[in-house]
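Q: missing the sequence, but the structure's below:
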């Protein structure tokens, strides 16, 4: 079995495998090929891969000959069109947002594993790329906001006077939100957290933050760890609560996303205009529309004195550690596919089946089959 690692396009600094993981795969009888400089932006030079037992090969060779092709983001069209039928590709492809492309890959007889579709079960925790990367996003979001914010985060008492601590509001208490809470608290901020799931109250409070609860949320227990759509009545009460807190906030971190849908707008223009001048919002849902009415993906805008940073790929800004964690997730997933150095697709395994999007010319993912943009 040959596992090939492509160099990501500009804008993505991570790499699918790091030398430490390559060494483990080689011991299992897997041949690993790396595109030149694939790990350079994550500070893993080609020499480190060669020392780990990999071979440096051109993108053309990898696309044509590797049995499984690893690329975090979707390769450019000219690249994936070179992949012969029957090959396997694996990465984070957001299939519910890229349904048409997934159908094209199915038509080309490619087997696609999208690791963001791995079932969020106890057994799959070691392969959960969403969690490992969201942890980084939550951490970096607070640091980015602190850098942009024009005042201190902690309380300071000096001979020249006292500085009150910054007030941080975090919308969403998933992995990213909880890490944002922990980071903001370590920096000395006062933190409030809003989430539609009352079950996360204890986790939030254990980190030293105040939990804002709105009654009447839809039950998310059957959503596999994801958020769910809420009723119009709940949304109205939700916005009233958020408006009350956001007017006092200095920094806001937003993380709310619903798989396959546009991100819910939690911060309206009216709310933005009532925020304090100099306050900062970091919107981690920017890639799917954003949680504010003024979010621009991969851009920073200033509205009425409020700085809004739209960035859904903060892990790319910490590529060394992000790649290390991602590569470990990939390695653990590959253990389900590698048998004595060969690639074996065991679809009786619920994790393998759940992560598979296309196989044998068809869409295999049940959620994607129901997407309107997929051809019948």
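A: Received the coordinates, thanks. Everything quoted here is computed from the prediction, not taken from an experiment. Numbers count the residues shown, from 1 in each chain.
Q: Work out for me the element residue 301 sits within.
A: strand 299-303 (DSSP states H and E).
Q: Which residues does that strand contact?
A: 269, 272-273, 294-295, 307-310 (CB atoms under 8 Å, 6 or more residues apart in numbering). For the C-beta atoms, the positions are set from N, CA and C on the backbone; glycine is no exception.
Q: which stretches of the stretch 101-250 of the chain form helices?
A: Using DSSP state H, counting those that start in this stretch, the helices of the stretch 101-250 of the chain run over residues 129-148, 175-186, 201-206, 232-246.
Q: can I get those in TSV with mean neighbour count, mean pLDDT and distance to residue 164?
A: Listed next are the helices of the stretch 101-250 of the chain as TSV, based on neighbours: other CB atoms under 10 Å; pLDDT from 0 to 100; distance: least, CB to CB, whole Å:
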stretch	mean neighbour count	mean pLDDT	distance to residue 164
helix 129-148	22	97	15
helix 175-186	24	97	15
helix 201-206	15	95	22
helix 232-246	15	84	16
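Q: Dump the ones you listed into JSON lines; add distance to residue 25 as well.
A: Shown next, in JSON lines, are the helices of the stretch 101-250 of the chain (distance: least, CB to CB, whole Å):
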{"stretch": "helix 129-148", "distance to residue 25": "17"}
{"stretch": "helix 175-186", "distance to residue 25": "27"}
{"stretch": "helix 201-206", "distance to residue 25": "35"}
{"stretch": "helix 232-246", "distance to residue 25": "46"}
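Q: From residue 130, how far out is the nearest residue to residue 213 once chain neighbours are set aside?
A: Closest residue to residue 213 apart from its sequence neighbours, by CB to CB, 6 or more residues apart in numbering: residue 198 at 6.1 Å. According to CB to CB, to the nearest Å, residue 198 and residue 130 sit 22 Å apart.
Q: on that earlier part again, restrict the contacts of strand 299-303 to the buried ones and give me that as a ChimeraX selection.
A: Applying 16 or more other CB atoms under 10 Å to these, the buried members can be selected in ChimeraX as follows:
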select :272,294,295,307,308,309,310
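Q: Take the contacts of strand 299-303 and keep only those in helices.
A: 269, 272-273 (DSSP state H).
Q: The residue lying closest to residue 356 once chain neighbours are set aside: neighbouring residues, count only.
A: Among residues not flanking residue 356 along the chain, residue 364 sits closest, at 5.1 Å (CB to CB, 6+ apart). For residue 364, the neighbour count with other CB atoms under 10 Å is 19.
Q: before we move on, what about residue 155?
A: 13.
Q: Over to residue 366?
A: By other CB under 10 Å, the residues close to residue 366 number 9.
Q: go on, the one 4 residues further on?
A: Residue 370 has 12 neighbours, counted by other CB under 10 Å.
Q: what's the distance between residue 302 and residue 27?
A: When residue 302 is compared with residue 27 (using CB to CB), they lie 52 Å apart.
Q: do residue 348 as well
A: From residue 348 to residue 27 the distance is 26 Å (CB to CB).
Q: In terms of neighbours, single out the busier of the two.
A: A count of neighbours by other CB under 10 Å puts residue 27 above the other of residue 348 and residue 27, at 10 against 6.
Q: distance of that one from residue 162?
A: Taken as CB to CB, the span from residue 27 to residue 162 is 59 Å.
Q: Residue 240 too?
A: For residue 240, the distance to residue 162 - CB to CB - is 32 Å.
Q: next one: residue 85
A: As judged by CB to CB, residue 85 and residue 162 stand 68 Å apart.
Q: Have a look at the protein and report the helix or strand with the lowest mean pLDDT.
A: helix 232-246 (a mean of 84; mean pLDDT, DSSP states H and E).
Q: who touches that one?
A: Residues outside helix 232-246 that contact it (CB under 8 Å, 6+ apart): 169, 171, 192, 194, 196, 212, 214-218, 230, 252, 264, 266-268, 270-271, 274-275.
Q: mind showing which ranges of the stretch 151-300 of the chain have poor pLDDT?
A: Residues of the stretch 151-300 of the chain that meet the criterion pLDDT under 70 lie in 216-230.
Q: Can you give the domain ranges for this structure?
A: Taking automatic domain parsing as the reference, the chain has its domains at 2-109+319-369, 134-317.
Q: and the first one, how far apart are its ends?
A: Just to be clear, that refers to domain 2-109+319-369. 30 Å (CA to CA, to the nearest Å).
Q: Equivalent analysis for stretch 106-113, please.
A: End-to-end for stretch 106-113, by CA to CA: 12 Å.
Q: quick check: mean pLDDT across that stretch?
A: Computed over stretch 106-113, the mean pLDDT rounds to 97.
Q: Filter the contacts of helix 232-246 down to the ones in strands?
A: 169, 171, 192, 194, 212, 252 (DSSP state E).
Q: which of those sit farthest apart?
A: Greatest spacing in these, by CB to CB: 212 and 252 (12.6 Å).
Q: So for these two, which residue has more residues nearby?
A: More crowded of residue 212 and residue 252, by other CB under 10 Å: residue 252, with 29 against 19.
Q: Check the gap between the more buried one and residue 290 for me.
A: Counting by CB to CB - residue 252 and residue 290 are separated by 12 Å.
Q: what does residue 272 give?
A: Using CB to CB, residue 272 is found at 12 Å from residue 290.
Q: Also residue 146?
A: Taken as CB to CB, the span from residue 146 to residue 290 is 21 Å.
Q: what ranges of the stretch 1-150 of the chain fall below the confidence cut-off?
A: For the stretch 1-150 of the chain (pLDDT under 70), the answer is none.
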